[in-house]
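Undergrad: With the input below, show me the fold.
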Amino acid sequence: MQASVKADHWRELFWQLVRFGLTGGAATALYAIIYWPLATYGQERWPLAQRSTWPLIANVLGYLAAMLSGYVMHSRWSFRGVGERDNLARTGGRFFIVSLVSFGMNTFFVWLLTGPLHGATWWPLVPILFVTPLVTFALNRFWVFA
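TA: As a prediction, the model looks like this:
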């Protein structure tokens, strides 16, 4: 009986990770759709800021869109059936904090890879797609929606 309970727990955790990946993938795609064109072509179109600041401006705009859509998708689908949903202030506040962690990580990747390392504007998308989601899944699963 105990083995069955453990198997059910791991199966549910696996499917949460799959749902998180799909939902997070959609939010990350939205981020990338906003970030990359603005970071790459923003200076040409709107020369109000220095070229080096456009990736950071694009990062903020992409983050805001991804955070808002991500909260709705994660709370309604990725982590459905986990924890309590009656305290929006609690889950919303914690989700916002995790989003700030995610934002900080992504901003660091954008700054490092397009600034000091003089990389292409697409370089930050690699760690943004593969590192940040693992950290945010763990925080969302075990703290926000626990």
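Undergrad: For stretch 128-136, buried residues please.
TA: Neighbour-count burial for stretch 128-136 flags 128, 132-133, 136 (criterion: 16 or more other CB atoms under 10 Å). All C-beta spots, glycine's among them, are computed from the backbone N, C-alpha and C.
Undergrad: and which of the residues you listed is nearest to residue 61?
TA: Among the buried residues of stretch 128-136, residue 128 lies closest to residue 61 (CB to CB), at 14.3 Å.
Undergrad: Let me see the ranges of the helices in this structure.
TA: All helices of the chain, identified by DSSP state H, fall at 2-45, 54-73, 88-114, 125-130, 132-139.
Undergrad: Out of these, the one nearest residue 79 is which?
TA: Of those, nearest to residue 79 by CB to CB is helix 2-45, at 6.4 Å.
Undergrad: elements contacting that closest one?
TA: Applying 3 or more CB pairs under 8 Å, 6 or more residues apart in numbering; DSSP states H and E, one finds that helix 2-45 contacts helix 54-73, helix 88-114, helix 125-130, helix 132-139.
Undergrad: re the thing from before, want to throw the buried residues of stretch 128-136 into TSV with distance to residue 19 and pLDDT?
TA: Formatted as TSV, the buried residues of stretch 128-136 follow (distance: CB to CB, whole Å; pLDDT from 0 to 100):
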residue	distance to residue 19	pLDDT
128	20	86
132	17	89
133	12	84
136	14	90
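Undergrad: Present those residues as a markdown table; the columns should include distance to residue 23.
TA: Conversion of those to a markdown table gives the following (distance: CB to CB, whole Å):
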| residue | distance to residue 23 |
| --- | --- |
| 128 | 16 |
| 132 | 14 |
| 133 | 10 |
| 136 | 11 |
